[in-house]
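Chemist: Can you look at this prediction? I've put the sequence above it.
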Amino acid sequence: MSDSRLSVLKTYKLYVGGKFPRSESGRVYEVTTKTSAADAAGKGKWLANAPLSSRKDARDAVVAARKAFGGWSGATAYNRGQVLYRVAEMLEGRRDQFTREVADAEGLSKSKAAAVVDATIDRWVWYAGWTDKIAQVVGGGNPVAGPFFNLSSPEPTGVVAVLAPQESSFLGLVSVVAPVIATGNTAVVVASEKSPLPALSLAEVLATSDVPGGVVNVLSGRTAEIAAPLAAHQDVNAIDLAGADETLAKELEIAAADNLKRVLRPQPVDYAETPGIDRMTAFLETKTVWHPTGSLGASGSSY
Amino acid sequence: MASVFAYAPALESRSIVDIAPSYGLFIDGEFVEAADGKVFKTVSPSTEEVLSEVAQAGEADVDRAVQAARKAFEKWSALPGSERAKYLFRIARIIQERSRELAVLETLDNGKPIKETRDADLPLVAAHFFYYAGWADKLDHAGFGANPRPLGVAGQVIPWNFPLLMLAWKIAPALATGNTVVLKPAETTPLSALFFADICRQAGLPKGVVNILPGYGGAGAALVAHPDVNKVAFTGSTAVGKEIARTVAGTRKKVTLELGGKGANIVFDDAPIDQAVEGIVNGIFFNQGQVCCAGSRLLVQESIQEDLLESLKRRLSTLRLGDPLDKNTDIGAINSEEQLTRITSLVEQGEAEGAERWSPACELPESGYWFAPTLFTNVTQAHTIARDEIFGPVLSVLTFRTPDEAVAKANNTPYGLSAGIWTEKGSRILAVANRLRAGVVWSNTFNKFDPTSPFGGYKESGFGREGGRHGLEAYLDV
């Protein structure tokens, strides 16, 4: 019975400002399954046509991320934690779908892919729990030598461009996106070039998870092509170069110097391990607010 | 000058400081000549008197100093933190002992009033060494995980506005965390760093742990680019900061940049006017306005503009400009002829663009580099003087009607270093502070510094923080 039924294919789209547009350029590229080294000569099986984003798509995504920044960074940390946890709930419900996509994208067996998906969901939950704790861990009150009171607190740096890791299409992706938004930044994410489908599907999860539109924007296509305008963009505050190779990373870091973007350089990371807080602190500013205490000094009295 | 406020001169004696006719570079614990024998003169900005002739570091000297620091790193980083701490405590104590000498020296070489070097710079310099000394054996508890490691050789380039304080901000955390340093002071203010070299000698600091290379921008660029430097720390202009960010691209060097600013000092209609006036004066005329976090844009709520300006002008008329060694002096000399030219040209541009210039009656000394305290009214956000960092005693006054407008105007700059808020209403302080994109927000005060308190900017004011626990991160492999 099912043999005769033709399955419904999905048109994968970008995710910008809470909507699912096609690329402004009208271009797509073929996404195939990952083939093992043994038959690397052969091309993988066709999976879908993914949008091949243009510079204009990148700029549109920055506009959307900037627009969303005020609301997202201004939300209470508790609220952001709830929203992030909601994403994990939605991910859990789509566990099978992501297992299939990750198996195809990374050439893993079904059971290995399922383990990766479980780890990814758990990773998301881990970050959901950080939203209302990071300020206590990295902020603080300072014992000033004088009649002043001051507090240092972390604040999101703004719009962060995230070049997702090329190999780890889902666990790696979530490991770089979740810390950016957990702390109140908004993100423009460039999915793994060869394996963008898990990222594009994650967008569908985000869209149904109370994450405000524009907080995460997902682009697929050629990393080098999309990353260049993001690194040079005057309204992008930071860039995570995880998905760039050495040559590209250097070029992008030079471009990023134009408005002194915060740059997180690519480094070897085992995404299976529990992350530290570095990916969060990389995109946080520290604001120190001073106020006189009202001590009356010499007289020895006080309010 | 209003004669009612004339004071008899109260000159600090300069006999306490013994400035040698010439100084070398400080490399591997020795004063040495530059490889190519080059020297330059450092002058006193208030008199244009030549104070000393100083060796000028070149590329070969940078290499020599980095090698010395690399060699010293092995032993220095292996010392127990408690031993490193004791060296830093020694340095802090010697600075306190010699603080009068150093204050006079700094005033001579920089042009800032003795009142500031004596009461602000030197106490803070000693405090920074004390503060970071205490961290050296407690790094496991600093929040960066157990056993955080130093980075290696730190290349540090500092400006001329707070020569010794910027040295302390850079060297104290670097040494506490186990790094060794090569520091390049600014070409107009090399002397206090060279005196600091002597303090290192008195403290018995191992050779090569601290190296001082007086010189020009070229030496700084060579230091930043040196392949064996692991960490770059820079305080200075945003333009140079961007150049440094490009230089280190693609390397593993860790970088912190403390760059320019165009701080907004926001005065609401319920602010205590007299205190606010003091804060405004301190915000822009402290150190002749040559402060990256200066409150150079005054944002006044429209309804109190007239009253505030009247008080401000009255207060400015009592400021005393003159000999920086006079303990009564509020405003000293501009650091260099070059800087004076820059201030003058920006102020002329302000006038040409239609802003209204005002200065109190103020006689300027015959020789030296001087600029009268100046304020501009009728300034809009489009004016150059409201956008560009002047780095001088020049205040631009703008107005606003609502807190929203104040925040929007305050944030309308590529910089994000400092801001001030003056209001009696606590909730307004918190709400506005929350929305300002600046690394330091002073409410009902301004230009306060403390070694325990992180300092540094958002946006194009640079990245990283100096001071406090946060300041350690810049020198640790975390």
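Modeler: Yes, it's here.
Chemist: Contact partners for whatever residue of the stretch 101-250 of chain A ends up closest to chain B?
Modeler: Closest approach between the stretch 101-250 of chain A and chain B, counting by Cβ to the nearest Cβ: A:Lys250, at 3.1 Å. For every residue, glycine as well, the C-beta is placed using N, CA and C. A:Lys250 makes contact with B:249-250, according to Cβ atoms under 8 Å, 6 or more residues apart in numbering or on different chains.
Chemist: Please identify the helix or strand for it.
Modeler: Secondary-structure element containing A:Lys250, defined by DSSP states H and E: helix A:246-256.
Chemist: what comes up buried for stretch B:263-277?
Modeler: Judged by neighbour count (16 or more other Cβ atoms under 10 Å in any protein chain shown), stretch B:263-277 contains these buried residues: B:263-269, B:271, B:273, B:276-277.
Chemist: who's in contact with the most centrally placed residue in chain A?
Modeler: The centroid of chain A falls nearest to A:Val177 when counting by Cα atoms, centre = their mean (2.0 Å). With contacts defined as Cβ under 8 Å, 6+ apart, A:Val177 is in contact with A:162, A:164, A:187, A:189, A:202, A:216.
Chemist: Okay, the third one and A:Tyr85: tell me how far apart.
Modeler: Here A:Ala187 is placed at a distance of 18 Å from A:Tyr85 (Cβ to Cβ, to the nearest Å).
Chemist: Point me to the residue of chain B nearest chain A.
Modeler: Sorted by distance to chain A under Cβ to the nearest Cβ, the residues of chain B start with B:Gly250, at 3.1 Å.
Chemist: Quick check on that residue: phi, psi?
Modeler: phi 80, psi 0 (degrees, to the nearest 10).
Chemist: Give the burial count for A:Lys43, as a bare number.
Modeler: The local packing of A:Lys43 (other Cβ atoms under 10 Å in any protein chain shown) involves 11 other residues.
Chemist: count of neighbours near the closest residue to it other than its chain neighbours?
Modeler: Counting by Cβ to Cβ, 6 or more residues apart in numbering or on different chains, the nearest residue to A:Lys43 once its immediate chain neighbours are dropped is A:Thr32, at 5.9 Å. Other residues near A:Thr32 number 16, with proximity taken as other Cβ under 10 Å.
Chemist: Please apply the same query to A:Glu251.
Modeler: 17.
Chemist: ok, it - contacts?
Modeler: By Cβ under 8 Å, 6+ apart, the residues touching A:Glu251 are A:228, A:231.
Chemist: The residue lying closest to A:Gly221 once chain neighbours are set aside: helix or strand, and which one exactly?
Modeler: By the measure of Cβ to Cβ, 6+ apart, the closest residue to A:Gly221 outside its immediate chain neighbours is A:Ser53, 3.8 Å from it. When elements are defined using DSSP H and E, A:Ser53 is found to belong to no helix and no strand.
Chemist: just B:Gln156 next, same as before
Modeler: When secondary structure is defined using DSSP H and E, the element that contains B:Gln156 is strand B:153-157.
Chemist: now the angle from the helix or strand just after that strand to strand B:153-157?
Modeler: With elements assigned by DSSP H and E, the helix or strand that comes after strand B:153-157 is helix B:163-176. Orientation note: helix B:163-176 sits at an angle of 170 degrees relative to strand B:153-157 (axes from the mean of the first three to the mean of the last three Cα atoms, to 10 degrees).
Chemist: Tell me which helix or strand comes right after helix B:163-176.
Modeler: Scanning the chain past helix B:163-176 towards its C-terminal end, the next helix or strand to appear is strand B:180-184 (assignment: DSSP H and E).
Chemist: Pairing partners for that next one, with directions?
Modeler: strand B:153-157 (parallel), strand B:210-212 (parallel) (DSSP bridges).
Chemist: how far does the helix holding A:Lys250 sit from the chain's center?
Modeler: The chain centroid and the centroid of helix A:246-256 are separated by 19 Å under Cα atoms, centre = their mean, to the nearest Å.
Chemist: same thing with stretch B:157-173?
Modeler: Counting by Cα atoms, centre = their mean, stretch B:157-173 is centred 7 Å from the centre of its parent chain.
Chemist: again with stretch A:93-109
Modeler: Centroid separation between stretch A:93-109 and its chain, computed with Cα atoms, centre = their mean, is 19 Å.
Chemist: quick one: buried residues of that stretch?
Modeler: Under the neighbour-count criterion of 16+ other Cβ under 10 Å, stretch A:93-109 has A:94, A:98-108 buried.
Chemist: How about stretch A:157-175?
Modeler: In stretch A:157-175, counting by 16+ other Cβ under 10 Å, buried: A:157-166, A:168-175.
Chemist: And for B:Ala133, nearest residue in space, chain neighbours not counted?
Modeler: With sequence-adjacent residues excluded and distances taken as Cβ to Cβ, 6+ apart, B:Ala133 is closest to B:Leu88, at 3.4 Å.
Chemist: which SS state does that neighbour fall under?
Modeler: Of the three states, B:Leu88 takes helix according to DSSP: H, G, I helix; E, B strand; the rest coil.
Chemist: residues contacting it?
Modeler: If a contact means Cβ under 8 Å, 6+ apart, then B:Leu88 has B:129-130, B:132-133, B:136, B:172, B:175-176 as its contacts.
Chemist: pLDDT value on A:Ala298, please?
Modeler: Reading off the confidence values, A:Ala298 has pLDDT 57.
Chemist: Over to A:Ala41?
Modeler: With respect to pLDDT, A:Ala41 has a value of 58.
Chemist: cool, and B:Trp442?
Modeler: Per-residue confidence at B:Trp442 stands at 98 (pLDDT).
Chemist: my guess is it is in a strand, correct?
Modeler: Yes: counting by three-state DSSP, one finds B:Trp442 located in a strand.
Chemist: What parts of the stretch 51-200 of chain A come near chain B?
Modeler: Taking Cβ under 8 Å from any Cβ of the partner chain as the measure of proximity, the stretch 51-200 of chain A contacts chain B at A:137-138, A:140, A:142-146, A:148, A:150, A:152, A:157.
Chemist: one more time with 6 Å, if that's ok
Modeler: Residues of the stretch 51-200 of chain A lying close to chain B (Cβ under 6 Å from any Cβ of the partner chain) are A:142-145, A:150, A:152.
Chemist: ok, of those residues, which one's closest to A:Thr131?
Modeler: Proximity of these to A:Thr131, judged by Cβ to Cβ, is greatest for A:Ser152, which lies at 18.4 Å.
Chemist: on that earlier part again, for the residue of chain B closest to chain A, which non-adjacent residue is spatially closest?
Modeler: A:Lys250 (3.1 Å).
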